[in-house]
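S.K.: Whatever this is, show me its structure:
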Amino acid sequence: MVRLAGGAAPEVSVVIPTRNRWHLLSKTLEGALRQEDVSHEIVIVDDGSTDETSERLAEISDPRVRVVRHETSRHLPGARNSGVAEARGEWLAFLDDDDFWSPRKLRALLDAAGAADAVFAYSAGVVIDSNRTVLQSWPAPDPGEVLRMLLHGNWIPAGGSNPIARADVVRRLGAFDEELRHFAEWDMWIRLAAEGPVAAVDEPLVAYVSHPQNMVLTDSREVIREYGRFRRKHRRLAASYGVPAEEVIPDRMGVFRWLGWAHARAGRRIRSAALYALGAAGPSPHGRRQTLRDARRALAGDVPVDRAPIVDPAAVQSTGWLERYG
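M.R.: The predicted structure follows:
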């Protein structure tokens, strides 16, 4: 691994994994550097890029930016763990290379975590398209209910780019599970929420950018294979969290419906319909008939939803910071 020099120990270390996506990372990095009223460093983990990413990163002169280079990809959780190992801050913040932050994001979460003596904090968020139009707003889960909610689904808005966590706690928990390439962040948030107090900020401070290169669209087969292991892991741990095992993590058919919906939203009608059809092949709480109807709707070009996306006008009004992304 090649490291570029940094500076004094910061309050927060922001970990950004990336691979072959400089065209996305460049804007995301601008937002990370614009954080206000906080001492922070940015640890970018170049996970084996073969495009211009490494060259562009080498040109960055900002002393707050440090780079870790993997010559061979270790995949997303491995890249995050390299960032965790290099981080010098008391707090860790995680940011995907294609998402956006409010300039007050870190300060607001640090203040909320400090007030609650929390080990883990997050905010509300929004989903946007490439034109920065808000497609959906996500409230921040109630900190008192978030563990139970996480054992039912990944309810942290824009999870890979939202939470901050105490660095010592993340390391004590063994950081991210590298066998869970697609579910490592969800797994990490479950373990953090079980570890100590949690804090939340109701304001949307993070934007998840929906685009055709989202990982769920480019590696769906691996998502399906991995899901069983993830579910078994937390069903085993459920009793220690005080949650009945039968309530933990949606069934396998739920993941097929989620993938089908994601592909339908991206306009991939045939792939979406096939995933819904696979979801109908086994027992599902949604019902086989409903899932087959959704397969037909996806094939016709519709986006099946169990409920319409919510766009809260107040949330949209508070995301004026998105204009800074040009």
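S.K.: Tabulate the CA atom coordinates of the longest helix belonging to the chain in CSV.
M.R.: If you go by DSSP state H, the chain has its longest helix at helix 220-241. Output of helix 220-241 as CSV, limited to C-alpha atoms (Å, rounded to 0.1, in the frame of the first residue of the first chain):
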residue,chain,number,x,y,z
SER,A,220,-26.8,-8.8,-8.4
ARG,A,221,-25.8,-12.5,-8.5
GLU,A,222,-23.3,-12.0,-5.7
VAL,A,223,-25.9,-10.1,-3.7
ILE,A,224,-28.2,-13.2,-3.8
ARG,A,225,-25.4,-15.6,-2.8
GLU,A,226,-24.2,-13.5,0.1
TYR,A,227,-27.6,-12.8,1.5
GLY,A,228,-28.1,-16.2,3.1
ARG,A,229,-24.8,-15.9,5.1
PHE,A,230,-25.7,-12.5,6.3
ARG,A,231,-29.2,-13.6,7.4
ARG,A,232,-27.8,-16.7,9.2
LYS,A,233,-25.2,-14.6,11.1
HIS,A,234,-27.8,-12.3,12.6
ARG,A,235,-30.4,-14.8,13.3
ARG,A,236,-27.8,-16.6,15.5
LEU,A,237,-27.1,-13.3,17.3
ALA,A,238,-30.7,-12.2,17.6
ALA,A,239,-31.3,-13.7,21.1
SER,A,240,-28.4,-11.7,22.6
TYR,A,241,-30.1,-8.5,21.1
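S.K.: could you give the mean pLDDT of it?
M.R.: Helix 220-241 shows a mean pLDDT of 78 in the predicted model.
S.K.: what's that helix packed up against?
M.R.: For helix 220-241, the elements it packs on are helix 184-193, helix 252-265, judged by 3 or more Cβ pairs under 8 Å, 6 or more residues apart in numbering; DSSP states H and E. The way it works is simple: take the backbone N, C-alpha and C, and place the C-beta from them, glycine included.
S.K.: Geometric centre of this protein: which residue is closest?
M.R.: By Cα atoms, centre = their mean, the chain has its centre lying nearest to residue 160, at 1.9 Å.
S.K.: For it, give its distance to residue 287.
M.R.: Computed as Cβ to Cβ, to the nearest Å, the residue 160 to residue 287 distance reads 31 Å.
S.K.: packing partners for the host helix or strand of residue 137?
M.R.: Per DSSP states H and E, residue 137 falls inside strand 134-138. Counting contacts by 3+ Cβ pairs under 8 Å, 6+ apart, strand 134-138 is packed against strand 120-128, helix 313-317.
S.K.: coming back round to it: for the residue nearest to the centre of the chain, which residues are in contact?
M.R.: The neighbourhood of residue 160, defined by Cβ atoms under 8 Å, 6 or more residues apart in numbering, consists of 94, 95, 96, 99, 185.
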